[in-house]
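Student: Here is a sequence with its predicted model. Questions after.
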Amino acid sequence: MTSVASSPNPSTDRPAAGPLPKAELHLHIEGTLEPGLAFALARRNGVELPYATEDELRRAYSFADLQSFLDLYYALMAVLRTEDDFADLAHAYLARAKEQGVRHAEIFFDPQAHTARGVAIGTVIDGLARALDAAEETYGISTRLIMCFLRDESAESALATFEAARPYLHRITAVGLDSAEVGHPPVKFREVFALAKEAGLKCVAHAGEEGPPAYVWEALDVLGVDRIDHGVRSMEDERLVARLVADQVPLTVCPLSYLRLRVVDDLADHPLPAMLDAGLLVTVNSDDPAYFGGYADDNFTAVRDALGLDGATLRRLARNSFRASFLDEPTRERYLKEIDAHEAAAGQDGAHGA
Ligand SMILES: [Zn+2]
């Protein structure tokens, strides 16, 4: 085993420690589709994109709100058609995640967004699984897959999706709930979440992003989720905060997402410090990084700069990410030790660096 602290570091203008080791727990694989890959897949599959160049497409990545983002997001998915496309998409994400210090990724996918276009659920899952099966060896990243239901589709559609996924459940760790939140409360999906639990799956749900604190209560008490995705609006309800703190329910917060979707105008206004002060088990994640201008470590850097978070706070966020993950205990402990080693190496840098 190599000791990070004892490795010589001849370069003094580059930190030896690199990005903080972290887990990414809120990441939509479809939201990692970069303009370059979108054009490459469009060419490969003979799909016409309504943009002439990658630059023109990148300029379209400017959103007024959640719905205007979702419109582009679903339009671009037309380029994803074959198992190879899904494998390439996941490989591209994993390569970037590695550079960002991601050691473990729990990855969302939206089967209904693909089956609605005539792509079989097996094509999606087998393609993603092919990349994820190689992730440990190729990128040094452990992975889990989370199947999300689109909450603006019907409860019946979610049930049909779950049944179609039954032959692939050994590939899936959890079910989730995403897409346009307002008007689609968690209770709508009570039945499919009960089936997922019966099948031994973990449960997560987007709640309290644009929707009210009542949706977070419902996700907890009706769906019985293990984690809340976003959950920032929980801060509007003192009793809810107390409950989330008491049970240490993880919240997967996505700072650059709020900025790009205009939930906050300035990251300096983000409630992350107040959430940490309240004792919430908060994690920092990238959500849809190709669209929101940053991957996992970019989000850490953004909150560090905008909110003035110190190294100890950033390490707390990184430790939270492993604590909030669905990892087995020995692996979780191994990753937590990597953060200790990173701290030791960063300390040495501080002592010797300029
Ligand atoms: Zn999300």
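Tutor: Sure thing, it's come through.
Student: show me where the stretch 1-150 of the chain has strands.
Tutor: With DSSP state E, counting those that start in this stretch as the criterion, the stretch 1-150 of the chain has strands at 22-28, 102-109, 142-150.
Student: and the ones you listed, which is most packed in?
Tutor: strand 22-28 (a mean of 28; mean count of other Cβ atoms under 10 Å). From N, CA and C alone the C-beta is placed, and that goes for glycine too.
Student: what comes into contact with that strand?
Tutor: 93, 97, 100-110, 148, 178, 227, 229-230, 250, 252-254, 283-289, 296-297, 300, 317-318, 321-322, 324-325, 327, 335 (Cβ atoms under 8 Å, 6 or more residues apart in numbering).
Student: same check, this time on stretch 311-325
Tutor: 20-25, 104, 106, 144, 227, 250, 252, 276, 281-285, 300, 303-304, 309, 332, 335-336, 339, 342-343, 346.
Student: hang on, the earlier thing: nearest to Leu272, of the strands of the stretch 1-150 of the chain?
Tutor: Evaluated over the strands of the stretch 1-150 of the chain, closeness to Leu272 peaks at strand 22-28, with 13.8 Å, by Cβ to Cβ.
Student: Pretty sure Tyr74 sits against His114.
Tutor: No. Under the criterion of Cβ atoms under 8 Å, Tyr74 makes no contact with His114, lying 10.4 Å away.
Student: quick one: which of these two has more around it?
Tutor: His114 (22 against 16; other Cβ atoms under 10 Å).
Student: Find the nearest non-adjacent residue to that one, please.
Tutor: Val124 (5.0 Å; Cβ to Cβ, 6 or more residues apart in numbering).
Student: One more: Tyr93?
Tutor: Closest to Tyr93 by Cβ to Cβ, 6+ apart is Thr32, at 4.1 Å.
Student: what about the strands in the stretch 151-300 of the chain?
Tutor: 174-178, 202-207, 227-230, 250-253, 281-284.
Student: now these in CSV, with mean pLDDT and mean neighbour count?
Tutor: CSV is the format used below for these (pLDDT from 0 to 100; neighbours: other Cβ atoms under 10 Å):
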stretch, mean pLDDT, mean neighbour count
strand 174-178, 97, 25
strand 202-207, 98, 26
strand 227-230, 98, 27
strand 250-253, 98, 26
strand 281-284, 98, 24
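Student: Phi, psi for Arg151 please.
Tutor: In terms of degrees, to the nearest 10, the main-chain angles of Arg151 are phi -70, psi -20.
Student: Please report the distance of it from Glu99.
Tutor: Arg151 sits at a distance of 32 Å from Glu99 (criterion: Cβ to Cβ, to the nearest Å).
Student: More neighbours: the two, which one.
Tutor: Remark: of Arg151 and Glu99, Arg151 carries more neighbours, 26 against 13, as counted by other Cβ under 10 Å.
Student: correct me, but that one touches Phe193?
Tutor: No. Using Cβ under 8 Å, Arg151 is not in contact with Phe193; the gap is 11.6 Å.
Student: what residues are shared contacts of these two?
Tutor: By Cβ under 8 Å, 6+ apart, no residue touches both Arg151 and Phe193.
Student: which residues does Leu27 bridge with?
Tutor: On the basis of DSSP bridges, Leu27 is bridged to Ile107, Asp287.
Student: got a pLDDT number for it?
Tutor: Looking at Leu27, its pLDDT reads 98.
Student: out of the strands of the stretch 151-300 of the chain, which comes closest to His270?
Tutor: strand 250-253 (8.3 Å).
Student: from the chain's centre, how far out does the closest one sit?
Tutor: Chain-centre distance of strand 250-253: 10 Å, with Cα atoms, centre = their mean, to the nearest Å.
Student: Repeat that for stretch 202-216.
Tutor: Distance, centroid of stretch 202-216 to centroid of chain: 15 Å (Cα atoms, centre = their mean).
Student: same question, stretch 332-343
Tutor: Using Cα atoms, centre = their mean, the offset of stretch 332-343 from its chain centre is 21 Å.
Student: buried residues in it?
Tutor: 332, 335, 338-339, 342-343 (16 or more other Cβ atoms under 10 Å).
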